[in-house]
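Asks: Requesting a structural model of the entry that follows:
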Amino acid sequence: MSTSAWLDEKNVYGVGSHNVVVFHSKKPESKAVGESSSYVQSNVWYEQAEHYNLHDVLKRMKEKYELKTVAIQGETYGDGIQKRTYGLKRDKHDFVVFHILFNGARVSIPCLVSLCEEFNLPHVHVFDWCYTLPDTVEDLIAEVDSKQSAIDSGMIEGFVLYSQDGQTSYKCVSPSFLLKYHG
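Replies: Numbering: from 1, shown residues only. Next up, the predicted model:
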């Protein structure tokens, strides 16, 4: 499940996902984005942000690199999320970073890995730093299906392929994964 945390130009801290934003303050107030005006009091996104001290990490990144804005995007996984536990126990979740944005622009993948190591954050596994695309989509899907998760050695959802600078990406999702977990 997509999870994001950010500090804006005024140092307003937010946590959320595609359709939910949780603003941090002394009196937590959370608002769903979109058609619904429902409120969320407790959620897995904020749980991961607190677990990895993302508010503090973002403040330190912003100060160290003299940024106007900074954001971390990642994936929360575990019990109750998209039918795949990745080996985590009941009611347990974890998080991995897949993008860091400085002033609205993604940092390169090598920079992302370096920042994650510097700030003690887990990042997505990099299968190949200099990947060459196969000739056909079918060959790419076969390669995706031949890989195992770095988390639990199980089936992977797919590959996210990035340009060297991290600005362009696309995802190849395994049809086998979709059938097993979403069919």
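
Asks: pLDDT below threshold where in this protein?
Replies: Along the chain, the model assigns pLDDT under 70 to residues 22-42.

Asks: Please repeat the previous calculation with a cut-off of 50.
Replies: Residues of the chain meeting the criterion pLDDT under 50: 25-42.

Asks: For the residue positioned nearest the centre of the chain, what is the enclosing helix or strand?
Replies: Central residue of the chain (CA atoms, centre = their mean): residue 74, 1.0 Å from the mean position. Using DSSP states H and E, residue 74 falls within strand 70-78.

Asks: who's in contact with that strand?
Replies: By CB atoms under 8 Å, 6 or more residues apart in numbering, the residues outside strand 70-78 that reach it are 1-7, 44-45, 48, 54, 57-58, 61-62, 84-86, 88, 92-103, 121, 124, 151. (C-beta placed from N, C-alpha, C; glycine too.)

Asks: Which of those residues fall in strands?
Replies: The members of the contacts of strand 70-78 that map onto strands under DSSP state E are 2-7, 93-102.

Asks: May I see the domains of the protein written out as residue ranges?
Replies: 1-124, 126-183 (automatic domain parsing).

Asks: hang on, the earlier thing: going by distance to residue 158, which of the ones in strands among the contacts of strand 70-78 wins?
Replies: Among the ones in strands among the contacts of strand 70-78, residue 98 lies closest to residue 158 (CB to CB), at 12.4 Å.
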